Structure formats: C-alpha cells, structure tokens
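> Provided below are the primary sequence and the corresponding predicted coordinates.
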Amino acid sequence: MRLLTYNIRYGGVGRVGALASVVNQCAPDVVVLQEATRPEVVKELAAATDMPVWAADPGHSVGFMSRGKVRHAWHRPPASRRAFLELVPEGEPLRIFGVHLSAVHSNWTERRRVRELRAVLAGIAEHQHGFHVITGDFNTIAPGETLDIQKLPPRLRAFVYLTGRTIRWETIQIMLDAAYVDGYRVLHPAERGLTFPAGDPHVRLDYVFLPSAFAPRLKSCAVVNGTEATTTASDHLPLVADLEVG
C-alpha cells in the first residue's frame, strides 16, 4: 500500500490542479490530508486523482482520499484542539491514524503539542500492539534536528524569544519513547528530509510513524519534491510511504 500525507494549506482553495498533479505523480492508494476543511475542494481533488472514497469536514483539519473502501471516524480527545482521523482500509490488517498538531514554534506551543500527542496515544491505546501507522503534520522537529530561527517571520521570531529562546523539543521524543520508529529517519539517517516551507524547505514537520515491531513493513519513505507543482500547490511538501500490508 502506498500512503501519502499532505498538508494542502487553507483547504486547498484555488489549487486543485496543482494539488492533483502532485498526488497523481505519487500514485498513492490512500492520502491523509491536513487543512482539508473544504469538503467541496476535497471532492474535486478526489475526482481529479481517481479516488472515489473520501471524507472531509469543515470542523476538522484532517481528511482523506482512497482508491479502495475505507471505514473512517474522527476522534477528538479532550486535551486536543483538533480531532485525529482513524482509517481502516477494507480487507487490510492495518489502521491509519492521521494527525495535525498545533502550529507555531515556541516552548508554549510545544507543550500544547505534547498534550495533544499524549491524548492521541491514549485514544488509540487499544490498537497500539497491532499494525498501524500514525502520520501527518506534527508541526515540530525531531531530536537532534535544528530550527534556524532567523528564517522565521519576524512575528514568529518574537514569539520564540518571548517563550524562551531555546525551544525544548519534546513531542517527537514521546513517539520514540513509546516504541515507534520515525519512518523517514530510520530509512534515511543521513538526509534532512525537509518538508516546510515548500519553496525553501528548512524544517521537517511531516512524519510517518510505525510501532518498532512493524518497522520492517515500511519499504520506502520519501519527501515528494522536484517539480513546479510541489512548490506551488501548498506550503508543505508531501511525504509518501510504501507499506507491506499482506
């Protein structure tokens, strides 16, 4: 199964053609979307990418598209600003959980992301020993990676300084401590894998995680880049992963 995670920015309004070009070049089976708050846009994008099964809701950031039948449900833990999405592809021993954690780089927002992620992990606890993937826009960076604060807009640089100049990145470490593997990093230990902003990537915000016991089922994981569409369709670059599900 080929899985794509993609933040389409502001609902994808006015960019269906470019978004479809990016999705079609990846030929995914399932696409997890973030900022998919405009169902009419997702419907049009699904038609343009030959994905007859889809769902989006104005009240939720995370939506999806699929070539095959998928059961889906949104779950919003009390500690989270946004719901996460649960997908169960028909006939496959796999669950996909799509997330979109709070944005902005600062110690204050990192603490919020920690609360949100802990709530997600608590919400899926009954499935944590089975084959599943947690994917999406985590809006944070992994341990050992760096953020060039000077590349942030002035108002966001000020926010970093006001909440403590050195950000204590904790969110991704929680995933690692919970025995998940960072799919991109485990396959590409020496590559940066930057996904944001699309026109001049300098941070990695988008991830695919699997329980460590199922890490061998991840056959590939790559940032999608290199075409005009990838830099104009959205402010994020998508991440594509191939999973062995049979």
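Yes, it's here.

> my guess is residue 95 meets residue 88, correct?
Yes: using CB atoms under 8 Å, residue 95 makes contact with residue 88 at a distance of 5.5 Å. Quick note: C-beta positions are derived from backbone N, CA and C, even for glycine.

> Just give the number of residues close to residue 2.
Other residues near residue 2 number 16, with proximity taken as other CB atoms under 10 Å.

> Repeat that for residue 91.
Neighbours of residue 91 using other CB under 10 Å come to 9.

> okay, it: pLDDT?
According to the prediction, residue 91 has pLDDT 92.

> ok, it - contacts?
Shown here is residue 91, whose contacts under the criterion CB atoms under 8 Å, 6 or more residues apart in numbering are residue 68.

> Report whether it is found in a helix, as I expect.
No: for residue 91, which was evaluated using DSSP: H, G, I helix; E, B strand; the rest coil, the result is coil, with no helix membership.

> Can you give me the distance of it to residue 168?
To residue 168, residue 91 is 43 Å away according to CB to CB, to the nearest Å.

> again with residue 123
Taking CB to CB, one finds residue 123 at 24 Å from residue 168.

> Correct me if wrong, but residue 185 is in a strand.
No: secondary structure assignment (three-state DSSP) places residue 185 in helix, not in a strand.

> what's around it, how many residues?
22.

> Now residue 220. Nearest residue, chain neighbours left out?
Spatial nearest neighbour of residue 220, excluding adjacent residues (CB to CB, 6 or more residues apart in numbering): residue 242 at 4.4 Å.

> who's in contact with the one you found?
Contacts of residue 242 (CB under 8 Å, 6+ apart): 1-3, 218-221.

> What helix or strand is it located in?
Element membership for residue 242 (DSSP states H and E) is strand 239-243.

> All the helices of this protein, residue numbers only.
16-26, 39-48, 107-123, 154-162, 171-177, 183-187, 228-232 (DSSP state H).

> List the buried residues in the last one.
Looking back up the chat, that one is helix 228-232. 229-232 (16 or more other CB atoms under 10 Å).

> for the longest one, same thing?
Neighbour counts using 16+ other CB under 10 Å place 107, 109-110, 112-121, 123 of helix 107-123 among the buried residues.

> For that helix, which helices and strands make contact with it?
Applying 3 or more CB pairs under 8 Å, 6 or more residues apart in numbering; DSSP states H and E, we find helix 107-123 packed against strand 95-100, helix 171-177.

> go on, the last one?
If you count contacts as 3+ CB pairs under 8 Å, 6+ apart, helix 228-232 packs onto helix 16-26.

> mind putting the helices and strands packed on helix 107-123 in CSV, distance to residue 144, mean neighbour count and mean pLDDT included?
Shown next, in CSV, are those (distance: least, CB to CB, whole Å; neighbours: other CB atoms under 10 Å; pLDDT from 0 to 100):
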stretch, distance to residue 144, mean neighbour count, mean pLDDT
strand 95-100, 22, 24, 98
helix 171-177, 10, 17, 98
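
> Distance-wise, check residue 116 relative to residue 148.
Taken as CB to CB, the span from residue 116 to residue 148 is 25 Å.

> Who are the contact partners of the nearest residue to residue 46 once chain neighbours are set aside?
With CB to CB, 6+ apart as the criterion, residue 46 has its nearest non-adjacent residue at 4.0 Å, and that residue is residue 54. When contacts are counted by CB under 8 Å, 6+ apart, residue 54 is found next to 42-43, 46, 63-66.
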